[in-house]
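here is the input, now give the coordinates:
(chains A and B)
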Amino acid sequence: MRRRLSKEGEHPSATRGTPHGQLDTGLEFLPLAPHGDEGGARDAGLRRSPCSAAAPWAATGRWCQVRPDCRKLGTEQCAPIRLSSSVAATGMYQPEHFRQRDLKQMHALIRAHPFAILVSAGSEGLYATHLPTVLKDDGRYGLIECHLARANPHWKGLAAGIDALMIFQGTEGYITPTWYPSKAEHGRVVPTWNYSVVHAHGHPEVMEDKHWLSRNTAERHRGPSPTLPRALSRPCCAGSSAFDSSSNESRASGK
Amino acid sequence: MSQNREAKDREGVARGLLARGAGDDLQMADLVAGKFTGQDWGPNGDNS
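Okay, the predicted model is just below:
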């Protein structure tokens, strides 16, 4: 079951503990993992159980995801997979006339520029990882998949259920005011820099299943993205961690 | 892209980008020009 997000303008902290977060873009972004979807849980090899009382979202009656048999998968470490319902505020200077509200345009930018910056603030402090991504048409707003080296401590913070921000940088370039006809008229023009960017905000879900990694990430990189490093085309990524990031919130600007 | 500029300035930007043709210029020119054809990356999704 999915619920509507809170109304525009409401501070995200006001929604903490509720199933979904706030968008001030006017878009609805809902967590995309199959909350409460028992069939989906079975398909993914997951066991669902009611959240413990210690979980902040327990009162909402949502389900936690627990992967009970990860030891069978041969991974070095088993990490519980959880879906957090809290949404933290993300900052982005976004004048109204630069704001993009079209989800298709956002997805087009993500797919055209899949090499993203993943940012989160956890026990390791503020951390950023640069990595290729795959946007899947999963749910109403899409699902971003990617993986990072297991040696990268960033994934451990993500496994703890913290919020994360993914930044997709599109086209950009210097704009000289000499291109403005209005410069000759009044001269009140200044140079600027045009750019397009999408910020995707959500709760990463660490995947410890190597088969999932092979099936969902490496395979997708192999075909349609010839510009990606060959190393990413390997069918399995031993020593890597992978995760989904359900998009609770996205913001986009282009100027 | 240049949504804060009046139409003639946006057209000037698109022309300038096409003429310069460096980096992302051609793609960005399309985006700026797209504002005038409804295929844009414009504000509010309404090509305003």
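
where does the chain dip in pLDDT?
Here I'm looking at chain A. A:1-90, A:212-255 (pLDDT under 70).

wrong one, chain B
B:35-48.

enumerate the positions of the top helix by length along it that are buried.
In chain B, with assignment by DSSP state H, the single longest helix is helix B:7-20. By neighbour count on 16 or more other CB atoms under 10 Å in any protein chain shown, the buried set for helix B:7-20 is B:9-14, B:16-17, B:20. In this view, the C-beta of every residue, glycine as well, is placed from N, C-alpha and C.

please apply the same query to stretch A:114-121.
A:114, A:116, A:118-120.

which one of those residues is nearest to chain B?
Nearest to chain B among these is A:P114, at 15.5 Å by CB to the nearest CB.

ok so, going back, biggest separation within the buried residues of stretch A:114-121, which pair?
A:P114 and A:S120 (18.9 Å; CB to CB).

now do the longest helix of chain B: distance to the chain's middle.
Put simply, helix B:7-20 sits 7 Å off its chain's centre (CA atoms, centre = their mean, to the nearest Å).

name the helix or strand for the residue nearest in space to the middle of chain B, please.
Centroid-nearest residue in chain B: B:V32, 0.8 Å away (criterion: CA atoms, centre = their mean). With elements taken from DSSP states H and E, the one containing B:V32 is helix B:25-34.

what's the offset of that helix from the middle of its chain?
Distance, centroid of helix B:25-34 to centroid of chain: 5 Å (CA atoms, centre = their mean).

near chain A at all, that helix?
Yes: using CB under 8 Å from any CB of the partner chain, helix B:25-34 comes into contact with chain A via B:25, B:27-28, B:31-32.

quick check: residues of the stretch 1-150 of chain A near chain B?
A:95-102, A:105, A:109.

got CSV for those residues, with neighbour count and secondary structure too?
Listed next are those as CSV, based on neighbours: other CB atoms under 10 Å in any protein chain shown; DSSP: H, G, I helix; E, B strand; the rest coil:
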residue, neighbour count, secondary structure
A:P95, 11, coil
A:E96, 9, helix
A:H97, 15, helix
A:F98, 22, helix
A:R99, 21, strand
A:Q100, 26, strand
A:R101, 17, coil
A:D102, 16, coil
A:Q105, 22, helix
A:L109, 23, helix
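
A:G202 falls within a strand, correct?
Yes: counting by DSSP: H, G, I helix; E, B strand; the rest coil, A:G202 is found in a strand.

count of residues packed around it?
By other CB atoms under 10 Å in any protein chain shown, 26 other residues sit near A:G202.

ok, it touching A:D163?
Yes: with contact defined as CB atoms under 8 Å, A:G202 reaches A:D163; the gap is 7.4 Å.

start from the N-terminal end of the stretch 151-255 of chain A and give the helices.
A:154-159, A:182-185, A:210-213, A:219-222 (DSSP state H, counting those that start in this stretch).

residues contacting the second one, please?
Read it as helix A:182-185. A:177, A:188-189, B:5-6, B:8-9 (CB atoms under 8 Å, 6 or more residues apart in numbering or on different chains).

taking those residues, tell me the two that lie furthest apart.
A:R188 and B:K8 (14.6 Å).

quick one, what contacts A:Y180?
By CB under 8 Å, 6+ apart, the neighbours of A:Y180 are A:189, B:5, B:9, B:12-13.

so who does the nearest residue to it once chain neighbours are set aside touch?
Spatially, and ignoring its direct neighbours in sequence, A:Y180 is nearest to B:D9 (4.2 Å; CB to CB, 6 or more residues apart in numbering or on different chains). Taking CB under 8 Å, 6+ apart, we find B:D9 in contact with A:179-182, A:189, B:2.

nothing else from me, thank you.
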